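Undergrad: Any chance you could fold what I've pasted below:
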Amino acid sequence: RNKKLAIMSTTEELIDINNRNNVVPPFAEYEGQDSYFGGEAPLPLAVGYAVVLGFGILFSILTTALVYTNKYFGHKGEITSEHFNTAGRMVKTGLTASVIVSQWTWAATLLQSSNVAWAYGVSGPFWYASGATIQVLLFGVLAINLKKVAPSAHTVCEIVNARWGRTAHKTFLFFCMAANIIVTSMLLLGGAATVQALTGMDYRLAAFLIPWGVILYTASGGLQATFLASYIHTVIIYAVLILMVFVVYVKVYSSDQIYTFLDLTVTYGEEECKQIFSYNNTVESTFFVPGDYACGPVAGNRDGSYLTMISGDGLMFGIINIVGNFGTVFVDQSYWQSAIAARPESAARGYVLGGICWFAIPFSLATSLGLTSTALMLPITASEAGSGLVPPAVASHLLGDAGSVLILIMLFMAIVSTGSAESIAVSSLVAYDIYREYINPEATGDKILFISRVVIVVFGLIMGALAILLQTIGLNLGWVYLFMGIVIGSAVVPLWNMMTWTKASGTGAIIAAWSGLFLAVIGWLVGAKVQSGSISVATLGTNEVMLSGNLIAILSSAFIHYVYSKFIDPHDYDFTELNKHITLVEQDTRGLTEDETDPVMLRRAERWITRRGYILTVILIFIWPILSVPAGVYTRPYFSFWVLVAIAWGFGAAIIITILPLTESAEDINMVLSGMYHALLCKEAPQAADPNLEENEAKEVSDDATPEKEAEPEKPSEDAAVEEVAA
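TA: Next up, the predicted model:
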């Protein structure tokens, strides 16, 4: 009641800096504290081990059990090398969407999104969410094209090899491996830093232990196990998300209160900020440095406010986010693998649904935890924010140790689900594009399966070393997140053209990819030198310099490939020939039946995803931001509506992702439960046959019945009888 009455008060009545009253913001609680965590972990070390090892073992056992119960009581059949790497190509829409959400929910999604809210205000969560959603929506176009022209493919590089040959194959194998390595390193970089901040566990030990939760179930069950685990992880992530949004905007504060505090934060002058962030409430004892704490006007924002979409740095981050994330979706084998695993219609609908539902995670989470960190002016430093510690800081402030544990669990779910997808992606690239292509072309299914499992284990063990290397160099999560587009952005347009443009030249693709990378790195280094006069980790990490490198990578590559393919080496490729150059290792044709490759159905699915993908992209990138510009600095009702959208989107996405996969798979779940029930009663379980075999048997029965029908005496029709009488 007191807090709600305080909303109606003047600024002077609400906040008394000199007396350090403990009305929010909590100045008295954190007086003299120059950082939120201050090198002291809020949770005991045992909690870190319990989450990292305990949850890892628990989910490994659970997921492995699900895979094998499905194998023995369901109708998935044996785990062949084809099934291990493609999940039978029969995944439905709900599970496809859930997997997309899981794969795209990195440590950065949970941590970096709140960092940009802390830095830029309401524009940060929006640009993070929209700038990383459109890639998933547009990738649906590639997914359905893959089903049309290369349904037998196992990897994107296999398609490159089939169309453009070995030189292009090696080129894009490099970019795909680089994408997987960067994403994996970034996962552990943010995860290990958060585990250390919350539990005191050494980040190097955390980086090595976290992957162990992935290795067991991924190596045993392959892509199917990854999908099942991803669903469980995603449900838990949404559960924590909904809880955090509810705590911020319903239980503890309201949108009106957060609005008032955000409005107050930017009213303080530098002298007042120095007094707030000081050791004994005096300017002389201050530790405040402009930009290191959320206090005072925001540079580059309309009226210095956090409550506006008119933000220069926010827009710049949005552009970097858009460009960089094209690379981490289009060049990441895990997304191609999800497309390969899905049914054609599920590939189209699953990517749209997954993109829309994923939008809620960074948008809703950062709109609650990220904005609250700034509204309450918690002593979070820029260094802590850059390391992704905003969500755990706010959760710890609101819920104590329970909040820290929930964020830790949420983060662990994101790391292991995406880490599992990256592991199976790397194993497929090594097994099919290195081992089978260059070492043992006559490899059997058992050999491919063995290599895949070995790579998963080895890659899981070295993932930690990659994160430690980046940390040792001095690179944090935010820096690597902005940098990734410079490395892999130049491969985006050639891969898009490969699947959609008959004139796309293989030689042009090679030149475009390498030239784009070279020009991007040069532009990036030159930009740092021009802007700051020196080249260092800090000067290379500014928004302007990162933006220049990201734009050069994708735009120069697009220009080079278009010019070369259009004017120098034009082709007229026949896409019907593409799948003929891709061979299965085993004759496991699940998901490759006539119904799944029906050209009419594929054309309809392509039209469906193309229209919706482009329309949603335009809405998220242009229409929504433009409609927000006239609002300028948000009024209280406008901000309340903005928060309502974030809450509703979060709840809606959570319901869809949780319920839809269960309803679509109800028959399969009942089959497994029935089989387990019969096994417990020591009765013979009604083992289901392979759906493809059932379909073939049905056709045989139909064919056998046809002659009998023809042998029956033909009954005279009514018209014939009338004619006979007339005659």
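Undergrad: show me the contacts for residue 500.
TA: Contact analysis of residue 500 by CB atoms under 8 Å, 6 or more residues apart in numbering lists 141-142, 145. Every residue, glycine included, has its C-beta placed from N, CA and C.
Undergrad: meant to ask about residue 269, not that
TA: Here residue 269 is in contact with residue 296 (CB under 8 Å, 6+ apart).
Undergrad: Mind pulling the model confidence for it?
TA: With respect to pLDDT, residue 269 scores 88.
Undergrad: circling back to that earlier point, identify, from the contacts of residue 500, the entry nearest to residue 636.
TA: Of all the contacts of residue 500, residue 636 sits closest to residue 141, with 40.9 Å by CB to CB.
Undergrad: sorry, back to before: turn the contacts of residue 500 into JSON lines, including neighbour count and distance to residue 671.
TA: Formatted as JSON lines, these follow (neighbours: other CB atoms under 10 Å; distance: CB to CB, whole Å):
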{"residue": "141", "neighbour count": "20", "distance to residue 671": "34"}
{"residue": "142", "neighbour count": "24", "distance to residue 671": "33"}
{"residue": "145", "neighbour count": "21", "distance to residue 671": "33"}
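Undergrad: what's the closest of those residues to residue 194?
TA: residue 142 (33.0 Å).
Undergrad: gap between the closest residue to that closest one other than its chain neighbours and residue 606?
TA: Using CB to CB, 6 or more residues apart in numbering and skipping residues adjacent in sequence, the residue nearest residue 142 is residue 499, 5.1 Å away. Distance, residue 499 to residue 606, by CB to CB, to the nearest Å: 11 Å.
Undergrad: again with residue 253
TA: Relative to residue 606, and taking CB to CB, residue 253 is found at 46 Å.
Undergrad: With residue 292 instead?
TA: Taking CB to CB, one finds residue 292 at 51 Å from residue 606.
Undergrad: same thing with residue 622?
TA: In terms of CB to CB, residue 622 sits 24 Å off from residue 606.
Undergrad: between the two, who's got more neighbours?
TA: residue 606 (19 against 11; other CB atoms under 10 Å).
Undergrad: from memory that one sits against residue 144, does it?
TA: Yes: Residue 606 is within contact range of residue 144, at 4.8 Å (criterion: CB atoms under 8 Å).
Undergrad: Mutual contacts of those two, please.
TA: residue 348.
Undergrad: Which secondary structure state does residue 33 sit in?
TA: coil (DSSP: H, G, I helix; E, B strand; the rest coil).
Undergrad: Number of residues surrounding it?
TA: 14.
Undergrad: So it is in contact with residue 379, correct?
TA: Yes: Residue 33 is within contact range of residue 379, at 4.9 Å (criterion: CB under 8 Å).
Undergrad: just for the stretch 451-600 of the chain, where's the confidence low?
TA: 586-597 (pLDDT under 70).
Undergrad: what's the answer for the stretch 1-150 of the chain, then?
TA: 1-28, 39, 71, 74-89.
Undergrad: Could you pull out the strands in it for me?
TA: Along the stretch 1-150 of the chain, counting by DSSP state E, counting those that start in this stretch, no stretch forms strands.
Undergrad: and residue 584, helix, strand or coil?
TA: coil.
Undergrad: Please report the distance of it from residue 218.
TA: The separation that residue 584 has from residue 218, given CB to CB, amounts to 22 Å.
Undergrad: With neighbour numbers in mind, choose between those two.
TA: Neighbour count, other CB under 10 Å: between residue 584 and residue 218, residue 218 has more, with 31 against 15.
Undergrad: follow-up on the earlier one: report the set of residues contacting both of residue 499 and residue 606.
TA: With CB under 8 Å, 6+ apart, residue 499 and residue 606 have common neighbours residue 145.
Undergrad: Could you export the helix or strand where residue 318 lies as PDB, CA atoms only?
TA: According to DSSP states H and E, residue 318 maps onto helix 312-330. Coordinates of each C-alpha in helix 312-330 appear next as PDB, following Å, rounded to 0.1, in the frame of the first residue of the first chain:
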ATOM      1  CA  GLY A 312      20.600   5.700 -31.400                       C
ATOM      2  CA  ASP A 313      22.600   3.000 -29.700                       C
ATOM      3  CA  GLY A 314      19.600   0.800 -29.400                       C
ATOM      4  CA  LEU A 315      19.000   1.000 -33.100                       C
ATOM      5  CA  MET A 316      22.700   0.400 -33.800                       C
ATOM      6  CA  PHE A 317      22.600  -2.700 -31.600                       C
ATOM      7  CA  GLY A 318      19.400  -3.900 -33.500                       C
ATOM      8  CA  ILE A 319      21.200  -3.700 -36.900                       C
ATOM      9  CA  ILE A 320      24.200  -5.600 -35.500                       C
ATOM     10  CA  ASN A 321      21.900  -8.100 -34.000                       C
ATOM     11  CA  ILE A 322      20.000  -8.600 -37.300                       C
ATOM     12  CA  VAL A 323      23.100  -9.000 -39.400                       C
ATOM     13  CA  GLY A 324      25.100 -11.100 -37.000                       C
ATOM     14  CA  ASN A 325      22.200 -13.500 -36.300                       C
ATOM     15  CA  PHE A 326      21.700 -14.300 -40.000                       C
ATOM     16  CA  GLY A 327      25.000 -16.000 -39.800                       C
ATOM     17  CA  THR A 328      24.300 -18.000 -36.600                       C
ATOM     18  CA  VAL A 329      21.000 -19.400 -38.100                       C
ATOM     19  CA  PHE A 330      21.800 -19.800 -41.800                       C
END
